[in-house]
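Student: Attaching a predicted model along with its sequence, questions to come.
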Number of protein chains: 2
Amino acid sequence: MSTADRDEATASLEHQIAMLLRRVRRGTAERAALVHPDLHPTSYSLLFTLVDFGPRRARELAEMFALDKGAVSRVVHQLVELGFVERTPDPDDGRAQILAATPAALTRFEEARAGRRKHLDQRLSDWGTDEIAELAAGLARFNDVSPE
Amino acid sequence: MSTADRDEATASLEHQIAMLLRRVRRGTAERAALVHPDLHPTSYSLLFTLVDFGPRRARELAEMFALDKGAVSRVVHQLVELGFVERTPDPDDGRAQILAATPAALTRFEEARAGRRKHLDQRLSDWGTDEIAELAAGLARFNDVSPE
DNA sequence: CTAAATAGTTGCAGAATACAACTATGACTT
DNA sequence: AAGTCATAGTTGTATTCTGCAACTATTTAG
């Protein structure tokens, strides 16, 4: 296995990730609107994180998305007003608050997820279950790097 | 292989894609600045597309990124001013123009790509070349769906 | 030859983000 | 225990991005 092979493999991976990014980004706005018409792509992403990865502080969200904490603050404010996020004071730190997706948000996301899933199922129709699992595992391994 | 298995595999894939998206998005602004300090994330993405996928019309870029043609027009204008994009009239259509990355853009991207690649290499340091190729192939298959 | 459609530009308004100043709380030092 | 510094979050301000709409120029269809 030569160095050239490895370079080619890496280049290909980079290329494919860029491609995926473009495709996914393209649909984010639509998916956001599916959950709620007033939901911006950014709000959607933040809410998605709370739904999928569990409650956390605003600061963490800001770090995860490399977003200004002020911007996060306003987005969260909107999400709270829409009834999608609930704040509770952090018992460990009087300055902080824990943000959590509300049951309403979970419900909406589950409904929207059904639509997404249907789309995804179509796209994966000629894949074997093991092939899907394999790709997911590969991505998981790629994602699961100690945070820089 | 049960239906539950397949659902789980699909859910895992969806989850991992979301994770990847967040990680990649997080670094886009930095990478854009690496190419040129005045380059916005969107400009970077559009330019990246021209570099990686070849010349095309503004309208195509707008469609690829689901972006307003007005916004694309302005971004392109900026890219031209920075010397990263060159316009040539479309021989087949007097209204249109073909946008292409300039040699300067290619050079800058190549330099920036070296930085990215280094980061990627580190991240893949304990991967086998065949494993990298496999993940890239999986993503390629996933990406390569007839456009909706 | 006229009418409808398309590529792109530009004016305008609204929204999102970054930056900075500020409050409140916690951690650390002495 | 007091003082200093760091941190969580909010809010004001300015800038920038984006979408929408109106407009020009060119092509395509009837």
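Tutor: Right, received. Where do you want to start?

Student: Show me what residue of chain A gets nearest to DNA strand C.
Tutor: residue A:94 (2.4 Å; CB to the nearest atom of the strand). No exception for glycine: its C-beta is placed from N, CA and C like everyone else's.

Student: what's the pLDDT at that residue?
Tutor: On pLDDT, residue A:94 comes in at 93.

Student: CA atoms of stretch A:48-63 as PDB?
Tutor: What follows is stretch A:48-63, C-alpha atoms only, in PDB (Å, rounded to 0.1, in the frame of the first residue of the first chain):
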ATOM      1  CA  PHE A  48     -31.500  19.600  17.000                       C
ATOM      2  CA  THR A  49     -28.400  19.400  19.200                       C
ATOM      3  CA  LEU A  50     -30.500  19.700  22.400                       C
ATOM      4  CA  VAL A  51     -32.900  17.100  21.100                       C
ATOM      5  CA  ASP A  52     -30.400  14.600  19.900                       C
ATOM      6  CA  PHE A  53     -27.500  15.100  22.400                       C
ATOM      7  CA  GLY A  54     -29.400  16.100  25.500                       C
ATOM      8  CA  PRO A  55     -29.500  19.300  27.700                       C
ATOM      9  CA  ARG A  56     -26.600  21.500  28.000                       C
ATOM     10  CA  ARG A  57     -25.500  25.100  28.700                       C
ATOM     11  CA  ALA A  58     -25.600  27.900  26.200                       C
ATOM     12  CA  ARG A  59     -21.900  28.300  26.300                       C
ATOM     13  CA  GLU A  60     -21.500  24.700  25.100                       C
ATOM     14  CA  LEU A  61     -23.800  25.300  22.200                       C
ATOM     15  CA  ALA A  62     -21.800  28.400  21.300                       C
ATOM     16  CA  GLU A  63     -18.600  26.400  21.400                       C
END
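
Student: That stretch vs DNA strand D: in contact?
Tutor: Yes - against DNA strand D, stretch A:48-63 shows contacts by CB under 7 Å from any atom of the strand at A:57, A:58, A:59.

Student: On the three-state scheme, the last one is what?
Tutor: Under DSSP: H, G, I helix; E, B strand; the rest coil, residue A:59 falls in the helix class.

Student: any idea how far chain B is from it?
Tutor: 15 Å (CB to the nearest CB, to the nearest Å).

Student: Pull the contacting residues for the closest residue to that residue other than its chain neighbours.
Tutor: Spatial nearest neighbour of residue A:59, chain neighbours left out: residue A:69 (6.4 Å); criterion: CB to CB, 6 or more residues apart in numbering or on different chains. Applying CB atoms under 8 Å, 6 or more residues apart in numbering or on different chains, we find residue A:69 in contact with A:58, A:59, A:62.

Student: I figured the first one was touching residue A:95, is that so?
Tutor: So the one you mean is residue A:58. No - counting by CB atoms under 8 Å, residue A:58 stays clear of residue A:95, with 10.8 Å between them.

Student: More neighbours: which of those two?
Tutor: residue A:58 (20 against 8; other CB atoms under 10 Å in any protein chain shown).

Student: how about the more buried one, what does it touch?
Tutor: A:69, A:72, A:73, A:76, A:96, A:97, A:99.

Student: Buried residues, the helix or strand of chain A with the lowest mean pLDDT. List them.
Tutor: When each helix and strand of chain A is scored by mean pLDDT, DSSP states H and E, helix A:3-35 comes last, with a mean of 84. Along helix A:3-35, these residues count as buried under the neighbour rule (16 or more other CB atoms under 10 Å in any protein chain shown): A:6, A:9-10, A:12-26, A:28, A:31-32, A:34-35.

Student: so how many other residues sit close to residue A:108?
Tutor: Residue A:108 has 21 nearby residues by other CB under 10 Å.

Student: Say whether chain B is contacted by the helix or strand hosting it.
Tutor: Using DSSP states H and E, residue A:108 maps to helix A:103-123. Yes - judged by CB under 8 Å from any CB of the partner chain, helix A:103-123 comes into contact with chain B at A:116, A:117, A:120, A:121, A:123.
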